[in-house]
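1. Got a sequence here, can you build the structure:
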Amino acid sequence: MIIFHITTSETWKKAKLNQEYKCDSLDTEGFIHCSTQSQILTIANTFYKQYDQIILLEINPDKLLAELKWEAPVHPKSNVKHNIDEQEKFPHIYGVINLDAVEKVIYLCKNKNGLFQDII
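-> From the prediction side, this is the model:
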């Protein structure tokens with residue numbers, strides 16, 4: 001099953017320069033948050049409201065060099081209200097993402113109502 005990671009243009013540019021993808025959550029929480037296709041819009045519209053455009057990294061888990069675990073959602077000290085099912089499992093990558101595991105880069109913009117939708 002393909003998994004996805006939401007990021008910003010700036011973070012993706014750094015990853016291409018460094019030849020590996022890393023984000024703040026790896027240092028602060030020990031893993032990189034990811035989601036399934038059905039989880040993307042809820043995550044994007046909950047935690048990325050401040051962005052007009054985000055990037056989805058389509059990741060092939062079979063190509064990851066870091067460990068992948070399916071776990072309950074983690075909301076680090078966030079006051080963000082969300083509609084995320086606490087019983088649902090999310091993919092978490094425990095290490096950097098090797099760029100050859102990223103099979104596609106998808107740019108996602110908000111619609112006229114200010115929401116991300118219809119991604120794939």
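
2. list the contacts for residue 110?
-> 52, 53, 116 (Cβ atoms under 8 Å, 6 or more residues apart in numbering). Heads up, the C-betas are built off the backbone N, CA and C, glycines and all.

3. which parts of the lowest-mean-pLDDT helix or strand in the chain are buried?
-> Between all helices and strands in the chain, the lowest mean by mean pLDDT, DSSP states H and E belongs to helix 40-47, at a mean of 93. By 16 or more other Cβ atoms under 10 Å, the buried positions in helix 40-47 come out as 40, 41, 42, 43, 44, 45, 47.

4. now, among these, which is nearest to residue 27?
-> Closest approach to residue 27 among the buried residues of helix 40-47 (Cβ to Cβ): residue 47, at 17.7 Å.

5. ok, now how distant is that closest one from residue 35?
-> 10 Å (Cβ to Cβ, to the nearest Å).

6. what residues do the two have in common as contacts?
-> Listed as contacting both residue 47 and residue 35 by Cβ under 8 Å, 6+ apart are residue 6.

7. Low-confidence ranges, the protein, go.
-> 75-86, 119-120 (pLDDT under 70).

8. What are the boundaries of the helices in it?
-> 9-18, 24-28, 40-47 (DSSP state H).

9. list the buried ones in the first one?
-> What it means is helix 9-18. 11, 12, 15.

10. Contact partners for the residue nearest to the first one when sequence neighbours are not counted?
-> Which is residue 11. In this structure, residue 11 finds its nearest non-sequential neighbour in residue 23, 5.8 Å apart by Cβ to Cβ, 6 or more residues apart in numbering. Residue 23 is in contact with 7, 11, 32, counting by Cβ under 8 Å, 6+ apart.

11. Who are the packing partners of the least confident helix or strand of the chain?
-> strand 3-7 (3 or more Cβ pairs under 8 Å, 6 or more residues apart in numbering; DSSP states H and E).

12. The strand it packs on to helix 40-47, inter-axis angle?
-> In terms of direction (axes from the mean of the first three to the mean of the last three Cα atoms, to 10 degrees), strand 3-7 departs from helix 40-47 by 30 degrees.

13. got the contact list for residue 19?
-> residue 99.
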